[in-house]
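Enquirer: I'd like to go over a predicted model; first the sequence, then the structure.
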Amino acid sequence: MPVFYRRLPQFRLATPHTIEEAVRFLAAHAGEATPMAGGTDLIPGLKRREIASPAYILDLKGIEELKGIDYDPQRGLRIGALATIRDISRDLSVRKLFPSLAQASSCMASPQVRNRGTFAGNICSAVPSADSAPALLSLNAHVHLRGSKGERSVPLERFFVGPGKTILQTDEIVTALTIAAPADRGVYLKLSPRHSMDMAIVGVAAAANLVPGGLRDIRIALGAVAPTPVRALEAEALFQGRPVSVGLIDEAAHAASVECRPIDDYRASAAYRRDMVYVLTRRALREVLAV
């Protein structure tokens with residue numbers, strides 16, 4: 001399907017150097033300013049006229065406080081809002097302790113986009129097929145926001161409210177994503193025609209914490225099969241108080257395929273997506289549970 005790009009619409013560019021400066025600007029121009037981290041979703045959207053042209057774009061790249069990736073055993077993992085997808089894929093702590101995040105980042109878009117795009121921007125776009133979201137959801141990630149009324153932290157599963165819509169207010173920016181602790185095992189699997197160059201037809205992440213003789217926690221998250229990225233809560237509940245087996249994994253994979261809400265579009269039918277949720281969920285669970 002051909003895509004015809006137009007010139008960028010006219011707007012003014014603001015370049016704050018601190019979080020406070022950015023928040024003050026957004027509050028002073030409520031509804032007229034759009035924050036930008038990497039711009040890999042925003043700029044093409046403006047050119048295609050899919051996004052309403054703002055009066056101002058607030059370029060956040062000059063804010064040092066929003067950069068970096070840090071891991072501390074006591075505080076967990078912090079991914080700054082300006083940490084690029086490439087940064088995440090190459091960070092040693094992420095690769096060792098949060099492999100599903102590294103897997104998700106390595107299958108997102110092209111190298112050029114990964115060098116500029118961010119996980120924070122990816123979740124703010126709130127695309128149902130966002131690769132970062134299932135992996136983050138399966139790890140109980142939180143989103144940290146700063147606005148004119150102060151700071152707040154919300155679980156990622158409460159951040160999305162619909163396709164392209166989040167709880168982010170017009171005077172707020174995302175400052176960081178945090179994960180309190182790594183899972184013992186985690187994986188992200190993506191189905192797409194060209195691995196990284198296409199959006200996910202289905203994305204499945206699974207994470208598990210293991211104890212001798214059983215499970216302490218298992219989480220399953222799905223992308224591209226509902227209006228927002230979602231947790232497969234009914235599938236997760238099947239593991240409570242039951243020993244792990246191939247049969248239980250098949251049952252959970254089937255439950256995930258039933259509770260998701262895919263649509264028919266030009267990339268795949270809803271029925272195909274349900275089938276692939278079953279296949280990928282079963283595969284992900286068998287990998288994290290070593291069954």
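Expert: Looks like it arrived, so ask away.
Enquirer: For the protein, which segments count as strands?
Expert: Secondary structure of the chain, counting by DSSP state E: strands at 12-14, 33-36, 56-59, 69-72, 76-80, 142-147, 150-155, 160-162, 165-166, 173-179, 185-191, 202-211, 214-223, 230-231.
Enquirer: The second one pairs with which strands, parallel or anti?
Expert: In this case it means strand 33-36. Partner strands for strand 33-36, per DSSP bridges, with pairing direction: strand 56-59 (parallel).
Enquirer: Centre of the chain to the partner strand, how far?
Expert: Per CA atoms, centre = their mean, to the nearest Å, the displacement of strand 56-59 from the mean C-alpha position of its chain is 23 Å.
Enquirer: now that strand: mean pLDDT?
Expert: Mean pLDDT, strand 56-59: 97.
Enquirer: That strand: which residues count as buried?
Expert: Across strand 56-59, burial judged by 16 or more other CB atoms under 10 Å covers 56-59. Every residue, glycine included, has its C-beta placed from N, CA and C.
Enquirer: check contacts around the closest residue to Tyr278 other than its chain neighbours.
Expert: Closest residue to Tyr278 apart from its sequence neighbours, by CB to CB, 6 or more residues apart in numbering: Ser257 at 4.0 Å. Under the criterion of CB atoms under 8 Å, 6 or more residues apart in numbering, the neighbours of Ser257 are 274-275, 277-278, 281.
Enquirer: and the nearest residue to Ala290 once chain neighbours are set aside, bridged to which residues?
Expert: Distances taken as CB to CB, 6+ apart place Arg185 nearest to Ala290, at 7.7 Å, with adjacent residues excluded. On the basis of DSSP bridges, Arg185 is bridged to Ala208.
Enquirer: what's the pLDDT at Ser196?
Expert: pLDDT, read off for Ser196, is 63.
Enquirer: for this protein, which residue is closest to the average position?
Expert: In the chain, the residue lying closest to the centroid (CA atoms, centre = their mean) is Ala133, at 2.3 Å.
Enquirer: That one contacts Asn122, correct?
Expert: Yes - using CB atoms under 8 Å, Ala133 is in contact with Asn122, at 7.4 Å.
Enquirer: remind me which residues of the stretch 51-200 of the chain are low pLDDT?
Expert: Low-confidence segments of the stretch 51-200 of the chain (pLDDT under 70): 195-196.
Enquirer: where along this protein do the helices fall?
Expert: With helices called from DSSP state H, the chain shows them at 19-28, 42-47, 85-90, 92-97, 99-106, 111-114, 119-125, 132-138, 233-237, 246-259, 270-289.
Enquirer: Burial-wise, tell me which of those comes out on top.
Expert: The highest mean neighbour count among these, using mean count of other CB atoms under 10 Å, belongs to helix 132-138: a mean of 31.
Enquirer: From the chain's centre, how far out is it? Work that out for me.
Expert: On the basis of CA atoms, centre = their mean, helix 132-138 sits 5 Å off its chain's mean C-alpha point.
Enquirer: So which elements touch it?
Expert: Packing partners of helix 132-138 (3 or more CB pairs under 8 Å, 6 or more residues apart in numbering; DSSP states H and E): helix 99-106, helix 119-125, strand 185-191, strand 202-211, strand 214-223, strand 230-231.
Enquirer: nearest to Asp264, of those?
Expert: Of all the helices and strands packed on helix 132-138, strand 202-211 sits nearest to Asp264, with 13.8 Å by CB to CB.
Enquirer: can you pull the contacts of Pro35?
Expert: The neighbourhood of Pro35, defined by CB under 8 Å, 6+ apart, consists of 22, 26, 57-58, 60, 124, 173.
Enquirer: now swap in Asn140 and tell me
Expert: Contact analysis of Asn140 by CB under 8 Å, 6+ apart lists 155-156, 179-180, 219.
Enquirer: redo that, cut-off 7 Å
Expert: Taking CB atoms under 7 Å, 6 or more residues apart in numbering, we find Asn140 in contact with 179-180.
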